[in-house]
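> Fold the stuff below for me.
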Amino acid sequence: MSKFFDDIKELLIEESNEHDFNACDYYHVLLQNKNELKQVIDDYEMNNCYFYYKSDSTEGYTDGKIYIYFSDWQNHNYHYEIELLPDRRSLGYCQCTSKDDEYNPIYNCCGIECDWDAPSFNISKIEYIGGGSFSGLQKDLWTLREEWNNDIKGYKNKIKNDKVEYIEKQIEELQKRKEMILNED
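Below is the predicted model:
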């Protein structure tokens, strides 16, 4: 195979033992789609890179992410993220029986026309554009926070005044309608 797939297989095996997901499924979907991964594989094999796995933080919507970082990150302004995802295949409630031709007793299913979650992935190239840190002293932020709080008060007053003005316009319009009704013959 390649260094990329050897290393990612090792990572998936290690992490699936700790985080309980089906590493085999994800390994094979990555392998099946190696053309989609060409840029990542080339970068990985031509540079000193490493994988980092982060378990799911979406309460079950993914099986986590694999990050691919460059060891010499100063020379690269990007990294890769591979998100491991289920692809819901709603084919119908399983009605397989042991009498069916393709029936597998280990899985209690034929695995052909039943609902299941296929492994899938999304890959992203994350580019670092820039960043910054506050320049100044902590007391400078205190002053800015006080100004911010005044801005919030001004904003709240503006909203309140806008609402009052809207209500006054409605009252004025209703007064005109009332006058028109009263002045009808």
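
> Which parts of this protein are helices?
3-19, 23-32, 38-46, 138-182 (DSSP state H).

> could the ones you listed be laid out in TSV, adding mean pLDDT, distance to residue 69 and mean neighbour count?
Where C-beta positions appear, they are placed from N, C-alpha and C, glycine not excepted. Listed next are those as TSV, based on pLDDT from 0 to 100; distance: least, C-beta to C-beta, whole Å; neighbours: other C-beta atoms under 10 Å:
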stretch	mean pLDDT	distance to residue 69	mean neighbour count
helix 3-19	93	13	16
helix 23-32	95	18	17
helix 38-46	94	10	14
helix 138-182	95	32	10
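
> got CSV for those, with distance to residue 56 too?
Below are these laid out as CSV (distance: least, C-beta to C-beta, whole Å):
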stretch, distance to residue 56
helix 3-19, 8
helix 23-32, 13
helix 38-46, 21
helix 138-182, 35
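
> Let me know which of the ones you listed is the nearest to residue 77.
Of all the helices of the chain, helix 38-46 sits nearest to residue 77, with 12.6 Å by C-beta to C-beta.

> which residues sit against the closest one?
2, 3, 4, 7, 34, 49, 68, 70, 80, 82, 123, 125 (C-beta atoms under 8 Å, 6 or more residues apart in numbering).

> which of these count as buried?
For the contacts of helix 38-46, a burial check counting by 16 or more other C-beta atoms under 10 Å picks out 4, 7, 49, 68, 70, 80, 82, 123.

> Looking at these, which one is closest to residue 137?
Looking across these and measuring by C-beta to C-beta, the closest to residue 137 is residue 70, at 35.4 Å.

> For the residue nearest to that closest one when sequence neighbours are not counted, give me the backbone phi and psi.
Nearest non-adjacent residue to residue 70, counting by C-beta to C-beta, 6 or more residues apart in numbering: residue 76, 4.2 Å away. The phi/psi pair for residue 76 (degrees, to the nearest 10) reads phi -130, psi 130.
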